[in-house]
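Engineer: structure of the sequence below:
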Amino acid sequence: MTGEHPHRTAGEDTNTGAATRRAVCRAGVAGLLLALTGCASSSRSSARRRPLPEPREYTPLTRREKGYRVPSQPDTPPGAWTGAAIERAKWTREPPRAHLANSMTRPNRITVHHDGMSAFTETSGAAAMDRLERIRSAHIGQGWADIGYHFAVDPGGRVYQARPLTLQGAHVKNHNQGNIGVLVLGNYNRQAPTNATERALTSFLASLMDRYRVPASRVFTHQELRATACPGTSLQRFMVGVRRDGSLA
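Structural biologist: The predicted structure is shown next:
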């Protein structure tokens, strides 16, 4: 790795205050270990979890296709995107600790990340959900409210709900307000995105842009906002390409 570690540099929910600082201090040794794992911890949760059901496949859609979004759920704010992503409840049974997070303002930008752990090419939903839970557990272990990102995309082209859009994310330090965090599972300094990932990510970003009127000039990668190698060489190259060729226009 090249020293990037968004889980250490992203900056967590500002409502944590002294409680979070104490929690981080108590997790000192664990935090040191996390620094060796790239963008997210590779440690597994100690709790034994029953196997989760295989999610339905996410089918990428073009901007021209209608009916992509479903009506907002009762617990989402007006205008929240609740499209064809796999529900959070499919991969974790733990709710966010909402009292540690700020409320999300209306989204006005989007930032793409990788997890920076080991290379990840598994196309099964079960493997992707296990990885998401590992990342969430690592973030909780640092005293955060929840996993730092709002959505995640896996090598099979599935899109997952992560941190609720009602809560401000924790993925780019000093740039989290109104910023939707989209995580691509894998380490893109060590691998290239699959065709399924590229299609799903492009379509999904376009749908978020359309929903929130976010222009392509406001779709960033982590390294464009902070000094970090995230989202990795190959994913950075892909993001530069899709913005340049108008795929996100």
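
Engineer: okay, strands next: where are they in the chain?
Structural biologist: 109-114, 151-153, 159-161, 179-184, 219-221 (DSSP state E).

Engineer: so what does the fourth one touch, helix or strand wise?
Structural biologist: Okay, so that is strand 179-184. Secondary-structure packing of strand 179-184 (3 or more CB pairs under 8 Å, 6 or more residues apart in numbering; DSSP states H and E): strand 109-114, strand 151-153, helix 195-212. Backbone N, C-alpha and C define where each C-beta goes, glycine included.

Engineer: looking at it, residue 85 is touching residue 150, isn't it?
Structural biologist: No. With contact defined as CB atoms under 8 Å, residue 85 does not reach residue 150; the gap is 9.7 Å.

Engineer: shared neighbours of these two, anything?
Structural biologist: Common neighbours of residue 85 and residue 150, counting by CB atoms under 8 Å, 6 or more residues apart in numbering, are residue 161.

Engineer: these two - which one has more neighbours?
Structural biologist: Taking neighbours as other CB atoms under 10 Å, residue 85 and residue 150 compare with residue 150 leading, 29 against 21.

Engineer: wait, the more buried one touches residue 181, no?
Structural biologist: Yes. At 5.1 Å, residue 150 counts as touching residue 181 under the criterion of CB under 8 Å.

Engineer: anything in contact with each of those two?
Structural biologist: Joint contacts of residue 150 and residue 181 (CB under 8 Å, 6+ apart) are 162-163, 169.

Engineer: what's the closest of these to residue 191?
Structural biologist: Distance to residue 191, by CB to CB, is smallest for residue 162 among the shared contacts of residue 150 and residue 181, at 20.9 Å.

Engineer: what number of residues lie near that closest one?
Structural biologist: Number of residues near residue 162 (other CB under 10 Å) recorded here: 26.

Engineer: please report how far residue 182 lies from residue 230.
Structural biologist: 12 Å (CB to CB, to the nearest Å).

Engineer: overlap of the contact sets of these two?
Structural biologist: The contact sets of residue 182 and residue 230 overlap at residue 113 (CB under 8 Å, 6+ apart).
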